[in-house]
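S.K.: Got a predicted model here, sequence first, then my questions.
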Amino acid sequence: MQTVLITGANRSIGLETVKQLSKKGLFVYLGSRDLNKGQAIVKELSQNGFQNIRAVELDVTEPDTILAAKNTIENEQGKLDILINNAGISRGFPESALDTPTDEIRQVFETNYFGAINVTQIFLELLKKSESPRISNITSGLGSLNLHSDPNWKYYNVKLASYVPSKAALNAFTILLAYELKDLPFKVNAIDPGYTATDFNHFSGPGTVESAAAFIIKHTLTDENAPTGKFFSNDIEDGTEVSPW
């Protein structure tokens, strides 16, 4: 049975991804900053027929909690097959580059960028024990510098001083990570689930969490011939799904 860890998995797209992977027969570790909330969610899921889900306390900005989660998974499973770096925050809109305090920008980077690095580096040892390790960094089309430079892009005017560069940095980290792991059986990709209706954006997105989670899983549960170091988006209108960086 494959094992997967999803950070920030106690709600929205992360939680739906937990559900869908559980139905596919994977053992899912639901990462939650608040262990009690995570355990309550797992109990509810169990009552609704979902199996092989375990909550672990994990705050991506607190390395001690990441290490504790890693030790738990190592003791119980011996390895980790899939890491989905899903945890993320936003300061909201509007957010101007002219006057957004650097402390606020730094806070977003701590979760969206440095948090993903923290988790990846600590869990790399367990991932290397898998026969087909996968790392999926959940990003956004707003992290594409190419699209942000195109006045015809439908989200061209959504310029957020902390969220946009934090996701652009995560995309860059994805490229570097994929390159350094290219001689191993890793597949490392950035995945944009699309503009989805969640509490993250006050349910303003047109997409559903079901579609978003399915898209993440499609580009995570891949075979040995799948690409690595790519940026896939559920918002690409021509159906190619490969987003420009």
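M.R.: Here it is on my side, so go on. Everything quoted here is computed from the prediction, not taken from an experiment.

S.K.: which stretches of this structure have low pLDDT?
M.R.: Along the chain, the model assigns pLDDT under 70 to residues 197, 199-206.

S.K.: which stretches of the chain form helices?
M.R.: Counting by DSSP state H, the segments of the chain that form helices are 12-23, 35-47, 63-77, 102-109, 115-127, 145-148, 163-180, 209-218.

S.K.: do you know how far Asn171 is from Ala190?
M.R.: For Asn171, the distance to Ala190 equals 5 Å [CB to CB, to the nearest Å]. (Each C-beta comes from the backbone N, C-alpha and C, glycine too.)

S.K.: circling back to that earlier point, wait, which of the helices of the chain is closest to Ser243?
M.R.: Nearest to Ser243, of all these, is helix 145-148, at 7.6 Å by CB to CB.

S.K.: Quick check: buried residues in the closest one?
M.R.: Leu147, His148 (16 or more other CB atoms under 10 Å).

S.K.: quick one on the thing from earlier: deepest in the core, which of the helices of the chain is it.
M.R.: Scoring the helices of the chain by mean neighbour count under mean count of other CB atoms under 10 Å gives helix 12-23 as the most buried, with a mean of 22.

S.K.: residues touching the residue nearest the centre of the chain, list them.
M.R.: Against the mean C-alpha coordinate of the chain, by CA atoms, centre = their mean, the closest residue is Asn86 at 2.4 Å. Contact analysis of Asn86 by CB atoms under 8 Å, 6 or more residues apart in numbering lists Ile6, Thr7, Gly8, Ala9, Ile13, Gly14, Thr17, Ile138.

S.K.: CA-only coordinates of stretch 157-174 in CSV, if you can.
M.R.: The C-alpha coordinates for stretch 157-174 follow below in CSV (Å, rounded to 0.1, in the frame of the first residue of the first chain):
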residue,chain,number,x,y,z
ASN,A,157,-4.9,42.4,-12.9
VAL,A,158,-4.6,40.1,-9.9
LYS,A,159,-1.3,41.3,-8.5
LEU,A,160,-0.7,40.3,-4.9
ALA,A,161,2.6,41.4,-3.4
SER,A,162,3.1,38.4,-1.2
TYR,A,163,1.2,35.5,-2.6
VAL,A,164,2.3,35.9,-6.3
PRO,A,165,6.1,35.9,-5.6
SER,A,166,5.8,33.2,-3.0
LYS,A,167,4.2,30.8,-5.6
ALA,A,168,6.8,32.0,-8.2
ALA,A,169,9.5,31.0,-5.7
LEU,A,170,7.8,27.7,-5.1
ASN,A,171,7.8,27.0,-8.8
ALA,A,172,11.5,27.8,-9.0
PHE,A,173,12.2,25.5,-6.1
THR,A,174,10.3,22.8,-8.0
